[in-house]
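> my questions are about this predicted structure, shown below with the sequence.
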Amino acid sequence: MAKRPTKLQMLAQTGAPAKTCQATESVCADFLDYLRSECHLAANTIAAYGRDMKRFCSWVGKRKLNQLTIGDLSAYIGKLQSFGLAPASIARNVVATRTFFKYLQLEGIVDANPAELIATQKMWQRMPGVLSRSQVDAFLKAPRRTDAYWQRDVAMLEVLYATGCRASEVCSIRVRDLSLSEKHLKCEGKGGKQRMVPIGSQAIAAIDRYTEEVRGKLAAKCPHPPEPLFLSRSGRALDRIQLWRLVKFYARRVGIDPKISPHSLRHSFATHLLAGGADLRHVQEMLGHASIQTTQIYTHVEHSRLKKVHQSFHPRA
């Protein structure tokens with residue numbers, strides 16, 4: 001069956017004024033549908049690409065997509081830097097732009113792909129925040145028995161650090177995903193990819209206490225039995241925003257930098273494993289990274305710490 005022409009192709013065939021701002025927004029929407037339906041990317045990834053493409057469409061304006069050059073796209077990346085975006089955000093915008101132009105080629109909207117020549121933004125102009133072991137210990141002890149649902153919060157924080165899971169992965173863990181007797185759990189990562197993640201005895205004890213003392217009471221508040229492990233006070237699944245707020249709250253309580261996020265515990269998990277001698281490939285598997293290059297980030301973090309130790313204590317540093 002012949003592929004249905006896109007809106008931009010139909011504009012070109014009819015001789016209508018092609019690639020206006022409206023048309024660019026239209027093809028960007030088609031691109032997101034393509035990522036969703038054919039590439040099966042995760043909802044959070046689609047949302048991030050959507051924000052990137054909205055910014056890109058605003059920059060393109062009334063220019064024609066098939067007339068953009070590498071110079072134009074380089075200027076766009078420079079514009080992103082002027083917005084004060086983090087290096088990681090700029091790098092993701094580069095990836096989104098490259099992927100978008102590959103899609104345009106597939107659809108026959110452009111012949112050449114200037115986005116392939118965009119220089120990659122170096123991800124490690126800024127190292128990810130990593131907590132020390134003593135900070136992690138203090139943080140995991142931050143919930144107090146006087147706090148509402150402290151058992152849930154202790155279990156949640158323990159799972160974040162014990163598994164290195166992303167916030168969205170922790171929120172989506174279901175009771176049936178737990179295999180605590182075998183010391184692992186199943187989580188669903190980006191693109192719907194599932195993986196088995198080991199979990200330690202302290203996190204297991206915290207989960208057991210939470211499920212025995214609190215979860216049943218929270219679940220009873222919801223008319224339909226909820227599947228997720230971690231529930232809000234209303235009995236529904238705890239979402240990423242609520243998790244983020246709880247992490248910030250407990251960080252402030254124990255005097256840790258309030259800029260930390262659930263991802264800081266993921267960074268700490270990986271860095272502490274590598275510092276202890278863990279194999280990089282094993283850490284990659286536990287984190288659910290598609291590429292070993294992403295996991296190598298944490299070797300740079302650990303090396304930066306070693307440099308500081310060397311400079312502080314070596315007599316000829």
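Happy to help now that I have it. Numbering: from 1, shown residues only.

> can I see the domain layout of the protein?
The chain breaks down by automatic domain parsing into domains covering 7-123, 133-311.

> so what's the gap between the longest one and the chain middle?
Yep, that's domain 133-311 we're talking about. 14 Å (C-alpha atoms, centre = their mean, to the nearest Å).

> list the buried residues in stretch 105-116.
107, 109-110, 114-115 (16 or more other C-beta atoms under 10 Å). Placement of C-beta: from N, CA and C, glycine included.

> could you grab the helix/strand/coil label for residue 185?
strand (DSSP: H, G, I helix; E, B strand; the rest coil).

> please name the bridge partners of it.
residue 178, residue 197 (DSSP bridges).

> other SSEs contacting the host helix or strand of residue 168?
Assigned by DSSP states H and E, residue 168 falls within helix 167-172. Under the contact criterion of 3 or more C-beta pairs under 8 Å, 6 or more residues apart in numbering; DSSP states H and E, helix 167-172 touches helix 150-163, strand 184-188, helix 240-253, helix 262-275.

> using a markdown table, lay out the domains of the chain together with mean pLDDT.
Listed next are the domains of the chain as a markdown table, based on pLDDT from 0 to 100:
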| stretch | mean pLDDT |
| --- | --- |
| domain 7-123 | 78 |
| domain 133-311 | 89 |
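
> closest one of the buried residues of stretch 105-116 to residue 82?
Using C-beta to C-beta, residue 115 comes nearest to residue 82 of these, at 19.6 Å.

> which residues touch the residue lying closest to the closest one once chain neighbours are set aside?
Distance criterion C-beta to C-beta, 6 or more residues apart in numbering; nearest residue to residue 115, sequence neighbours excluded, is residue 101 at 3.9 Å. Taking C-beta atoms under 8 Å, 6 or more residues apart in numbering, we find residue 101 in contact with 110, 113-116.

> can you point out the buried residues in the helix or strand hosting residue 101?
Assessed by DSSP H and E, residue 101 sits inside helix 87-106. Across helix 87-106, burial judged by 16+ other C-beta under 10 Å covers 89-101, 103-104.

> any idea which helix or strand comes after it?
Using DSSP H and E, the first helix or strand after helix 87-106 is helix 133-140.

> so what does residue 228 look like in phi/psi?
phi -60, psi 150 (degrees, to the nearest 10).

> surely it meets residue 176?
No: contact criterion C-beta atoms under 8 Å: residue 228 and residue 176 do not qualify, at 10.5 Å.

> with neighbour numbers in mind, choose between these two.
Neighbour count, other C-beta atoms under 10 Å: between residue 228 and residue 176, residue 228 has more, with 19 against 9.

> OK, contacts around the more buried one?
Here residue 228 is in contact with 171-175, 237-238 (criterion: C-beta under 8 Å, 6+ apart).

> hey, where'd the helices end up in the stretch 201-317 of the chain?
Ranges of helices in the stretch 201-317 of the chain, per DSSP state H, counting those that start in this stretch, are 201-210, 216-219, 240-253, 262-275, 280-287, 292-295, 297-313.
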